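> give me coordinates for this.
(chains A, B and C)
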Amino acid sequence: MSAGTTTSDAGPLAELTGDMPAEAEEPTRWAVLRRSGTFWSGTTIIGFWALAAIFGPRVVPWDPYATDLLHELAPPSAVHWFGTDQLGRDIFSRVIVGSRDILTIAPLATLLGTIVGTTLGLAGGYLGGLVDTLLGRIIEVLISLPLIIVALLALVALGLSSVTVVIVIGLVFAPLIARTVRAAVLGERALDYVAAAELRGESALAIMFIEIMPNVMGPILVETTVRLGYAIFTVASLSFLGFGIQPPSPDWGLAIAENYGVIAGGYWWTVAFDAAATASLVVGVNLFADGLHEALAA
Amino acid sequence: MNAALSIEGLEVAYRARGREQRVLGGVSFTIPPGGSYGLVGESGCGKSTLALAALGILPRAGRITAGNIRIAGEDLLALDAGALRRLRARQVSMVFQEPARALNPTLTIGRQMAETYEILGVPRAEGEAHAAAMLGRVHIAAASRVMASYPHQLSGGQQQRVLIAMALAKEPALLVLDEPTSGLDATVEAEVLDVIATLRRELGTALLLISHNLGVVERMCERVGVLYAGMLVEEGPTEALFADPRHPYTHGLLRCLPAAGRRKAQGRLETIPGFLPAPGRRITGCVFAKRCRLADARCHKEAPLARDVGEHGGGHFSLCHYAERVADLSRETSVEPSPASDSPAPAKTELEIENLSKTYVTGGAHVRALSGVSIVLGTGETLGLVGESGSGKTTLARLLLGLTAPDAGGSIRLDGTRLEGAASGRSQAARKALQIVFQNPDSALNRAHTVRYLISRALGRLGGFRGVRREQRLRELLAAVRLEPQYLDRRPRQLSGGLKQRVAIARAFAGEPRIVVCDEPTSALDVSVQAAILNLLAELQRERRTSYVFISHDLGVVRYLADRIAVLYLGRLMEFGPAERVFRGPHHPYTEALLSAVPALRAEHARIRLAGEIPSPVDPPSGCVFHTRCPRKLGRICEREEPPLERMADHAIRCHIPRAELPAA
Amino acid sequence: MRSGWGAWFARRISLSLLTLFLLSLVVFAGGQLLPGNVGRTILGPLADARAVAALNHQLGVDRPAIVQYLGWIGGLLHGNMGESLEFRSPVAPFIGAALVKSLKLAAVAFMIVVPLSIGGGVVAALKAGTAIDRTISLAGLSLTIIPEFVSSIVVILLFGIWLRILPISASWPEGAGPLDQLRHLIPPAIPLVVIQFGYIARMARAGTIEALEADYTRTAILKGLPRALVVQRHVLRNALLPTITVIATQTAYLVGGLVVVETLFRYQGIGSLILTAARGKDFPMLEGGILTVGAVYIGATLIADALAVLVNPRLAPEMTG
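Residues are numbered from 1 along each chain as shown, chains lettered A, B, ... in the order given. Have a look, this model is predicted:
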């Protein structure tokens, strides 16, 4: 609208681009990712636990479910590296295998949330109007409640099961992911390529999924990895509270819930390793997400 | 007395993607006390970096690798933090391109101005009085109201004036201006430049003015330096340099402007072929050799040294082996001026807009963005839409395309057939007849897709082409917009600005449109690239008889391309007629102000200045909307009655002043 | 100016009420509709069908949903949040007492985390790229995602069991003074601080870095102002505005953490109240607790928005007319 658009200099860093074909642009994101220490630490940690989840049951020294009442609460030793719990089960074996359930439930919940959330975000951001207003209100209500509490309410109402956990976390994540996607879509919506597509008579679906979606994949990807971290966080917390993964699973949160009553007696090993495992996994996912975020912002 | 600024052998590098890239490669020049120096160059030449480096405020990634800088005799690089602060407090100021970003949004104007005095130890009350006086000198009327305001409550022009007042408050030895008016409307720009020129003379402040606009620099500066790829390729007295350029790059820059009333019928504009070298790339020989028509083997091998080439003294330096031959370049391509016809040959009417209005409702307020506009456009003609912020030119374009629906009562007819308001309601045939080239190709091209996809998709949707036939049309279209097939598999960000705009043009022409709306299609591009795009648009029009609706704030560009011109102000059509007659006059006082505001090279119009800011479209003035700024206002009638759009032959003017008296300015 | 503010508050408050209304629908759906047969849920699968029907009738859950909702909402408006199924007495006093306790704990956590994280973020930004920055950023990034039950375990093991300098239960003895109460509140506050720190510090760091590179900061530097003044008046003023809103939105996460932390440290706050109600399927207690938590959050964002508007002139409502 104004003459104010006569910029030929966006700022000093624009001097680095200027009017020239930037041929070597493509690999820089990968270059940033390759050199990112956070990204690789995250990948290594996630990789370790993924391998543990897949091959753990075959390689651990003890049966993680086998109780041994003669050796309950044994401290770490050469035989039981991380000691044993109140039922005499080998903690090392349980910690290694304990990543299984959480690494199934959390990614599934995240996937569900991402698919539903992306669709809602695209629709809200592009179509606007009623869809958008409705979405905005739902988000407003959902963020006014802590995730754990929403999950508790839904789990009590619908009954405990892993499927419910996946659905509840997925559906609670969906509007949150939709909010991020919507913000990105609103930015894209203002760009002229969308108007150009409308002037070609493209359908709304084509504009949303062919034109806009490829340009918001970056934020979607980052949001998904960040959400994965929170999904693990939430599943672990729910399990700890008794509303998530159920016994006799060697799940970490569950193990801490079962044993924290005895730590005052000095049996620290019954919870310490499970706590460390949980921390390492969520931190790993967070590092991975942060590395990705930095690379995509480059 | 020490030079206000002296720069010697300045080299600056940025760290980007883990590599140091040299942005400035040994720049030297001097500004005497009270002197004015203009630095011109296209994007990426390093001019902003130079300004920031000269004041010691490079961004974190930047570093001065060689050279030295003296401000008012003090060696900037040798000063400790305290001495540097004292130097800044008294001797230098800078005004940035975007005033909205240069003012702290959370402090009042008065508070921010007071800081300048505070640091000099002036008592508070006295500082405030000084600040108010300073605001008066930059033509801000209600100084006390402005001082109590926050930045966002002021218009862009007011913000920039505040920054100028703030910058000059300490009566510095040197004022650096980085594109100070690029974000402002033409009439506002003209007044701001006047303010700078007057105050500078009164205070004896030296000026370093950085601009991509050669006209601005010519008006404001005694000496000019031309920066290309981080090198000062030519510098000299303004008049000598513009009249008799001694570097092929300067010569090209000056020649590719569609200045001096040049028209598309008079032939192509000159261009500078090729691209700027990538920063950080070591170039043996002359930096411009690759794009230079004078270049020979020596230029590619041996870097030229700056030498004095002036015939009239005064220090005219050129960084060219063959500076003496630059003048020959003009002779090769000079064009015969052919007499331009007064009215374009009567063409068949393609587009007929009648009584078109658009009202937006925002926050309960009704904003009349466009009010009762009627315009006709013939086949193969260009309609130039001219006007400043809030004029409604972009709204008109969006209505035409159906991106927004107009108010009831108006109509748009294409070839006699009435069009639906919204594009979604129009037939595919109507949609494909009206296409657009947007201002900014970065926004207009989907960065996720390849050039092949971008154009093919348009060919498929708009042209209905499939398979082999589509592939064939793709090749033809590429050839028509002069794009090499090698670019087909690239994505937009791997292309230069000019190439991207060619892709956008190819896409607009995919369905063989009858009318193409060009919304400032070259204003995001450098002048050397602009010329090539204008040539292409003119050529496509000649070959295909396509009509253009061409929006631009640059009257030189409009004049080159347009057959008819519509001047809009606050959503009203103020003047409409054949291009030559609108330019020659008699014209509407607003048109006259617009014409005289353009700091074009060798201006042909007397300068008249408009007072005040463009009124808000939310609350437009009564009567004639222009009366608040009109230098030729008659009296009460202008405030009460909206003048009718008076037609005389095909030239219409909306003004109470009788046609016969209009020329007597 | 006053009319602008009045209109702004009216609009903002009606928006909050709308959210509260939608929230009540969600809570009602979760607490009374979804469980289906409430009587069966409470009495268990072995109970006699007639007993279940009788209980349903007694609880009023055999009425149409809309009648139930109106009854519930009507009660709420009169301060009646229903009767606990477990304690057979009104839930409001339970919730009130628990809320006070939780607010105490939250206040301690906020008082530690706000200065710590803003300070950390600003220092990291001012020293961007140095080892200090990397340490703060990495710590923030890692700590912010560690579940409270994990950090609580660390706190209990470290301070309560090995070093024995802090109590492992947050419940103070009857008649304890404010200082003693504070000593008991510090251990549960630490996990909450840990989780909030990273997020707030990150926002503060990003805002500061952006403000440091802004043109208005350059303008200020070129005025010759001392660096401390540039940072305090120009950089921080702009950098910390968005942080206000962030801190308010963190309330929700904080309360989520309370459920875990209060359980671990045996503290009778609203978090453990909700968990106990969930475990005991005490739906009226659960609904009341959750609605209270949501209302607290909505109130907090309302205050934060008003605060943001007050300190940020760009957001100030324009005068109309």
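> run a quick neighbour tally on residue 70.
Defaulting to chain A. Burial of residue A:70 is recorded as 8 neighbouring residues (other CB atoms under 10 Å in any protein chain shown). C-betas here are computed from N, CA, C, even on glycine.
> meant chain B actually
19.
> mean confidence (pLDDT) on stretch B:540-551, please.
Stretch B:540-551 shows a mean pLDDT of 94.
> so does it get close to chain A?
No. Stretch B:540-551 lies apart from chain A when judged by CB under 8 Å from any CB of the partner chain; the minimum separation is 9.6 Å.
> in that stretch, what counts as buried?
B:540, B:541, B:546, B:547, B:548, B:549, B:550, B:551 (16 or more other CB atoms under 10 Å in any protein chain shown).
> ends of that stretch, what's the gap?
17 Å (CA to CA, to the nearest Å).
> run through who's touching that stretch.
B:264, B:350-351, B:377-385, B:393-394, B:396-397, B:400, B:480-481, B:505, B:509, B:512-521, B:537, B:558, B:561-562 (CB atoms under 8 Å, 6 or more residues apart in numbering or on different chains).
> show me the helices in the stretch 301-450 of chain B, by range?
Ranges of helices in the stretch 301-450 of chain B, per DSSP state H, counting those that start in this stretch, are B:326-333, B:393-401, B:428-433, B:441-444.
> need the ones you listed in JSON lines with mean pLDDT and distance to residue C:71, can you?
Shown next, in JSON lines, are those (pLDDT from 0 to 100; distance: least, CB to CB, whole Å):
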{"stretch": "helix B:326-333", "mean pLDDT": "70", "distance to residue C:71": "89"}
{"stretch": "helix B:393-401", "mean pLDDT": "93", "distance to residue C:71": "53"}
{"stretch": "helix B:428-433", "mean pLDDT": "90", "distance to residue C:71": "56"}
{"stretch": "helix B:441-444", "mean pLDDT": "93", "distance to residue C:71": "55"}
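> deepest of those, which one?
The highest mean neighbour count among these, using mean count of other CB atoms under 10 Å in any protein chain shown, belongs to helix B:393-401: a mean of 24.
> still on that earlier bit, closest to chain A among the buried residues of stretch B:540-551?
residue B:551 (9.6 Å; CB to the nearest CB).
> mind checking how far that closest one is from residue B:314?
For residue B:551, the distance to residue B:314 equals 41 Å [CB to CB, to the nearest Å].
> cool, residue B:273 as well?
With CB to CB as the criterion, residue B:273 and residue B:314 are 32 Å apart.
> which of these two has more neighbours?
residue B:314 (14 against 11).
> with adjacent residues omitted, what lies nearest to that one?
Nearest residue to residue B:314 in three dimensions, chain neighbours excluded: residue B:237, at 4.7 Å (CB to CB, 6 or more residues apart in numbering or on different chains).
> mind listing what the one you found touches?
With contacts defined as CB under 8 Å, 6+ apart, residue B:237 is in contact with B:222, B:223, B:224, B:310, B:314, B:315, B:316.
> out of those residues, which is most surrounded?
residue B:224 (25 neighbours).
> what sits against it?
Counted by CB under 8 Å, 6+ apart, residue B:224 has contacts B:37, B:38, B:39, B:40, B:217, B:218, B:235, B:236, B:237, B:238, B:241, B:242.
> out of those residues, which is nearest to residue C:220?
Comparing these against residue C:220 with CB to CB picks out residue B:39 as the nearest, at 24.4 Å.
> give me the element that closest one is part of.
strand B:36-40 (DSSP states H and E).
> the strand or helix carrying residue B:146 - contacts with which helices or strands?
Residue B:146 is part of helix B:143-147, with elements assigned from DSSP H and E. With contacts taken as 3 or more CB pairs under 8 Å, 6 or more residues apart in numbering or on different chains; DSSP states H and E, helix B:143-147 sits against helix B:109-118, helix B:124-137.
> for chain B, name the helix or strand with the lowest mean pLDDT.
helix B:326-333 (a mean of 70; mean pLDDT, DSSP states H and E).
> for residue B:537, see how far away the residue most central in space within chain B is.
Centroid-nearest residue in chain B, with CA atoms, centre = their mean: residue B:523, separated by 5.7 Å. Distance check for residue B:523 against residue B:537: by CB to CB, it reads 14 Å.
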